[in-house]
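A predicted structure for the sequence below; I have some questions about it.
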Amino acid sequence: MAPARTGAFVLSVIALGGCGRGNSSREAPPATGAAAPNARSILLITVDTLRADRLGCYGDTRARTPRMDALATSGTVFERAFTPVPITLPAHASLFTGLIPPAHGVRGNGAFALGAGVTTLAEALAADGRSTAAFVGGFPLARRFGLDRGFAHYDDQMGKAGGVHYEFPERRADAVVDAAVAWLAAQPGDVFIWVHLFDPHAPYDPPPSVAGDDPYRGEIAAVDMAVGRLLDAWDTRPGPAVVALTADHGEAFGEHGEESHSLFVYDVTLRVPLVLKGSGVSTGRRTTPVSIVDIGATLLSLAGAPARLPGANLFGSATAPPTLYAETLAPRFDFGWSDLRAIRRGRHKLIRAPRPELYDIEADPGETRDLAGAQPDLVAELSRTLDTVLSAAGEAQARRAVEPETAERLRSLGYVQAVAAGGSGADPKDKVEVAKRIARAAGPFRDQAAAAAAYRAIAALDPDVPVVNFRLADALLLSGRAGEAIPYYRKVIAASPRTADPFVGLATAHAGLGRLDEAARALREGLRIDPASGQAHFNLGEIARVRGDRLAARDAYQAAVADPVTRERAKARLAEIE
C-alpha cells in the first residue's frame, strides 16, 4: 500500500495523445496465421503496478512515456484489459499458466508458490526450441515462489534497503534492463525473455531527473526510458518476433477510499495496459474486455508452438464478450476481513462481499453507483455465474515457500499473509480508514520504537487486524518491551494462525522475561498448528539446553534439522552436544 495521491479513473479512454490518435473505437482485425511467419523470438515486459490511464497511448496528456506509446502506435492496443487479481505474484502466475487464481492456487504474495502441476508459458516456449531467461525487479517474483520453471536463466538479484520498513526489496528498472540487454547480446538464436520492472510499486522514489511533481508518474517515466533501451536492443535482432507489454495490476490514489492496491476489486486496480506488436499482430485498438490470463495462449499461438495453455487467443474469432473473474483474498489473509470475488459479464459487474455490489460499467465506469439494491434478480443471476466459474476452477492448493531467506525476509516485512485465518470478517468497505493508516505505516521508521508507536495507534482503531498486531508485537519485542508485546501476539493467535510464527514470537517474549515454562508451552502450542516449524523445534531445544536437559535438546534440534530455515543452526547445536 502507498501514500495518498489523487487521480481520476476512466474505463473507456478517448485517445487524447501519445498513440493511435483518432482511432480509439476501431477494432483491430484478427491476425491470421497465414499472413505472417510465426514469431521465433518473444519479449514479454510486465511493469508492476502500472495504471493504464497513466500512459500517453491510453489518454494521459501528462504522461512521459514516448517509448511505450511508440510501441502501441505500431501494434495492437487493448483498451480494456484486466487482471484477475490486484496482487503481483498471483497475477503473474495467471499470466504464465492461463489459469485464474482458484485454479493455480497462488492467492497472494509471500506465503504461496506455484506448484509443479501446471505447464507454464516458459516451459512451453522452451520445449519449442527457444533459449529462455527472466529478469525480475521485485521480491514477490523471486525464484522461490515458483515462476522460474521453464527459464534456463532466472535473474532475481535484488537488495534490501536498511532500516525499519515494510516494503519489498526491489531492483531499479535500469539495472534490470542492463542485465537483460547483456543476456540478449550473447544469444544469437531464438529466445523467450521476460523482463519485469517493479519501479512504479510504492514507495515512489523516481530518479531526480524525472521526478516532477508526481512521483508515481516519475517512476513510470524512468521505466519508459529503460523500456526504450530494451526495445533498442531487441530491434537489432533478426527474424520474426513479438513484443508484449502489460502490467500485473493498477494502483489506487484514493478512489473508493483505497490507497495502493489489493484491498478491493474495483477497476482502478484491475485495469491494466496491454500492447502487442510484431509478427502476426495487426495495428489498431480493441475495446472488447480481455484478461491477462489469455496472454500465454495468445503468445503460443503467435509463436506457432505445439503446446497450448488454457485461455483464449486474443486474436481469435470470439463470438461474444468473455466473462471475466477477479478476486482479492488479501483483506482476509492480512486484515482478518472478508475476501472479495467479482464477475464481469457484458455491461455488468458483480462484486461478492458481505454487502454485494453491482455496477453498470458501461454507464458508470468509475463504479460509483451501486445497483445491487435495485436489481436483486441480476445480482442473483451473476452470483450463480460466479459460482459456476469457481466450481469449474476448483480451489487448488499451492505450496508454501520455506527457504531460509524467504522466511527471514517475510518476517522482516511483518508479513502475515496466511498466518491468520480469523478476524472480524468485516466488509472491507467499512474499513477503508484503517486500511489507509496501514498503507501509510510502511516506513521507513527511525527505529522499532517508532514502528511500535505507529502500529499501536492503528491497533486502537481496529484491535482485530492480524497484520497490525503482528507488526506491533514484533516491534515491541525488538525494542526491548517484551511484556507489552505478549498481548498482541495473543491477539494474532486468537485469529486462528496457520503457522507457528506468532507462537514463536510469544515464546521469545516470555523467555526474555525469564518465563521458560510459558515459553515452552507456547512453542508446543505452535507445533500443534504447524508441526514442521523448525523455529519452534529449535527454540524448544534452546530451552532444554539452558536447563541442562541434553536428551530433550537433542530431540528438538534433530526435529529442527528437517526445516531448511533452521537446518544449519540445528546441526551446529547437535555438534556441540555430541
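Right, received. Where do you want to start?

could you double-check that residue 498 sits in contact with residue 526?
No. Using CB atoms under 8 Å, residue 498 is not in contact with residue 526, being 11.0 Å away. Bear in mind the C-beta positions are built from the backbone N, C-alpha and C, glycine included.

more neighbours, these two?
Using other CB atoms under 10 Å as the criterion, residue 498 and residue 526 rank with residue 526 on top: 27 against 17.

tell me the SS of the more buried one?
In three-state terms, and counting by DSSP: H, G, I helix; E, B strand; the rest coil, residue 526 is helix.

swap in residue 358?
strand.

and if you look at residue 430?
Following three-state DSSP, residue 430 is assigned to helix.

what's in contact with stretch 377-385?
With CB atoms under 8 Å, 6 or more residues apart in numbering as the contact definition, stretch 377-385 has outside contacts at 323, 343, 345, 348, 350, 352, 356, 358, 371-372.

tabulate those (CSV), appending pLDDT.
Below are the contacts of stretch 377-385 laid out as CSV (pLDDT from 0 to 100):
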residue, pLDDT
323, 95
343, 98
345, 96
348, 98
350, 98
352, 98
356, 98
358, 98
371, 98
372, 98
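
looking at the residues you listed, spot the one nearest residue 547.
Set against residue 547, the nearest of these by CB to CB is residue 352 (52.6 Å).

and the residue nearest to the closest one when sequence neighbours are not counted, what helix or strand is that in?
Nearest non-adjacent residue to residue 352, counting by CB to CB, 6 or more residues apart in numbering: residue 341, 4.4 Å away. Element membership for residue 341 (DSSP states H and E) is strand 340-345.

within the sheet, what are the partner strands of that strand, with directions?
When sheet partners are counted by DSSP bridges, strand 340-345 sits next to strand 324-328 (antiparallel), strand 348-352 (antiparallel).

residue 126 is nearest to which of these?
strand 324-328 (28.4 Å).

circling back to that earlier point, isn't the residue nearest to residue 352 up against residue 331?
No. Applying CB under 8 Å, one finds residue 341 not in contact with residue 331, separated by 11.4 Å.

pLDDT of the strand or helix carrying residue 220, averaged?
According to DSSP H and E, residue 220 maps onto helix 215-235. For helix 215-235, the mean pLDDT works out to 97.

outside of the following helix or strand past it, which residues touch it?
Sequence-wise, the next helix or strand downstream of helix 215-235 (DSSP H and E) is strand 241-246. By CB under 8 Å, 6+ apart, the surrounding residues in contact with strand 241-246 are 39-47, 68, 71, 75, 81, 95, 227, 231, 234, 272-281, 292, 295, 298-299, 302-303.

mind giving me the packing neighbours of the helix or strand following strand 241-246?
Sequence order places strand 252-253 as the next helix or strand after strand 241-246, per DSSP H and E. The elements that strand 252-253 packs onto, with contact taken as 3 or more CB pairs under 8 Å, 6 or more residues apart in numbering; DSSP states H and E, are strand 259-260.

which neighbouring elements make contact with the strand it packs on?
strand 252-253, helix 432-440.

check these for me and report the most buried one.
strand 252-253 (a mean of 24; mean count of other CB atoms under 10 Å).

which parts of stretch 360-378 are buried?
360-361, 365-367, 371-372, 378 (16 or more other CB atoms under 10 Å).

what about that stretch, start to end distance?
Using CA to CA, to the nearest Å, one end of stretch 360-378 lies 11 Å from the other.

what of stretch 342-353?
9 Å.

name the residue closest to the centre of this protein, please.
Geometric centre of the chain, nearest residue: residue 88, 1.7 Å, by CA atoms, centre = their mean.

ok, the nearest residue to that residue once chain neighbours are set aside - how many residues close by?
Sequence neighbours aside, residue 140 is the residue nearest to residue 88 in space, at 4.2 Å (criterion: CB to CB, 6+ apart). A total of 24 residues lie near residue 140 under the criterion other CB under 10 Å.

tell me who's in contact with residue 140.
Applying CB under 8 Å, 6+ apart, we find residue 140 in contact with 88-89, 109-110, 168.

now, which of the residues you listed sits nearest residue 551?
Of those, the one sitting nearest to residue 551 (CB to CB) turns out to be residue 110, at 36.8 Å.
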